[in-house]
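Asks: have a look; sequence and predicted model below, questions after that.
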Amino acid sequence: MGFPGTWMTESESMVYRVVPKCACSTIGQIMYYSDHGRFFDGDIHDAQEGLHKWGIEASQGPITANVEAHRSFAFTCVRNPYTRILSSFFDKICGIQRNGRRYRGNLVPLLVQKYGIEVGSPEDGFEFDQIKSFRRFLLFARDTIRWKKPMAADIHWSAMSGHISTFIANGGRYDAIFWTERFNEGMQGVLDRVETPVPVSLDDIPRFNESEGHGPKRAHPVEAYFDDLSMHLVYEIYKRDFQLFRYDFENPANKLPTGEIDLDEVHVKLAG
């Protein structure tokens, strides 16, 4: 199994387990900058050099050796499940991707046909009933996660605990898990505990939101998208994420965590 989704600086100053839709573009660019003194020109997910990634075959040996010996500071970042699934919907389902096409080719036509979802288009200014379509998308996301139908769950809406658990189950251990909602505080905590070839000043780092501008803007506050049934579905899908990462299930309007993450609890509960 190894360590899928794991990135490591070439200097081996730090190891990061990517969780999609949780500031991963910004974190990857910070890691790249901390080794090279410049940002990767393009989406960091496309980088094939300058950063060890599990998806690059030549990187698997160095990552495995490092993680199994716990030679470097290892961390990941999480996000409120309500805002994360909303972001996935607007980016991956409604948005036009970097290649100018819809995400995963036939996915959106499938959703239109089977779930009655509307997504709008650049031609009509993405005019559609966002709340109704999002709630139908939630049914689809639940179906993919619970029953792997009509397809297996996508990494952008599968549970964060699932991503994070592979690192633990295969012998890794996290030194820190921080929240996207308190990004500067969390990322600074990582930088304070590692030595990088190039110093990083977080105040000077732009935010790399690669999904921005490709689709419709969210027209309503977060809580407007979640009625009682939607909240029930979200809890069914992300119960463990709410519990382990201390997010407020009862109030979709509260994106901030309600307590500290217990790293020991995370390792015990996600080890199996």
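Replies: Thanks, I have it.

Asks: identify each buried residue in the helix-or-strand element of the chain with minimal mean pLDDT, please.
Replies: The least trusted helix or strand in the chain, going by mean pLDDT, DSSP states H and E, turns out to be helix 107-115, with a mean of 93. Judged by neighbour count using 16 or more other CB atoms under 10 Å, the buried positions of helix 107-115 are 107-108, 111, 115. Bear in mind the C-beta positions are built from the backbone N, C-alpha and C, glycine included.

Asks: take those and lay them out in TSV including distance to P20.
Replies: Formatted as TSV, the entries for the buried residues of helix 107-115 read as follows, by distance: CB to CB, whole Å:
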residue	distance to P20
L107	15
V108	18
L111	19
Y115	21
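
Asks: for the residues you listed, which one is nearest A47?
Replies: Of all the buried residues of helix 107-115, the one with the least separation from A47 (CB to CB) is L107, at 25.1 Å.

Asks: before we move on, back to that, elements contacting the least confident helix or strand of the chain?
Replies: Helix 107-115 sits against helix 130-147, with contacts defined as 3 or more CB pairs under 8 Å, 6 or more residues apart in numbering; DSSP states H and E.

Asks: pLDDT below threshold where in the stretch 101-250 of the chain?
Replies: Counting by pLDDT under 70, the stretch 101-250 of the chain contains low-confidence ranges at 210-214.

Asks: who's in contact with I145?
Replies: 153, 157-159, 237 (CB atoms under 8 Å, 6 or more residues apart in numbering).

Asks: quick one on the thing from earlier: and the least confident helix or strand of the chain, how far from the chain's centre?
Replies: For helix 107-115, the distance between its averaged C-alpha position and the chain's averaged C-alpha position is 23 Å (CA atoms, centre = their mean, to the nearest Å).

Asks: cool, and stretch 110-119?
Replies: The chain centre lies 24 Å from the centre of stretch 110-119; the measure is CA atoms, centre = their mean.

Asks: same deal with stretch 91-104?
Replies: With CA atoms, centre = their mean, you get 17 Å for stretch 91-104.

Asks: quick check: buried residues in that stretch?
Replies: Neighbour-count burial for stretch 91-104, with 16+ other CB under 10 Å as criterion, is recorded at 91-96, 102-103.

Asks: how far does it stretch from one end to the other?
Replies: Distance between the boundary residues of stretch 91-104 (CA to CA, to the nearest Å) amounts to 12 Å.

Asks: tell me which element A74 falls in.
Replies: When elements are assigned from DSSP states H and E, A74 belongs to strand 73-78.

Asks: show me what that strand is in contact with.
Replies: When contacts are defined by CB under 8 Å, 6+ apart, strand 73-78 is touched by residues 13-19, 22-24, 27, 67, 160, 163-164, 167, 172-180, 183, 186-187, 190, 193-194, 241, 245, 261.

Asks: partner strands of that strand, parallel or antiparallel?
Replies: Pairing partners of strand 73-78, with direction, according to DSSP bridges: strand 14-17 (parallel), strand 176-179 (parallel).

Asks: show me the contact partners of the least confident helix or strand of the chain.
Replies: Everything outside helix 107-115 that qualifies as a contact, by CB under 8 Å, 6+ apart, is 93, 102, 117-119, 136-137, 139-140, 150-151.

Asks: which among the residues you listed end up buried?
Replies: Burial by neighbour count, judged by 16+ other CB under 10 Å, picks out 93, 102, 117-119, 136-137, 139-140 from those.

Asks: quick one: the residue nearest to I44 when sequence neighbours are not counted and P150, what's the gap?
Replies: Closest residue in space to I44, ignoring its immediate chain neighbours: G28 at 3.7 Å, by CB to CB, 6 or more residues apart in numbering. For G28, the distance to P150 (CB to CB, to the nearest Å) stands at 31 Å.
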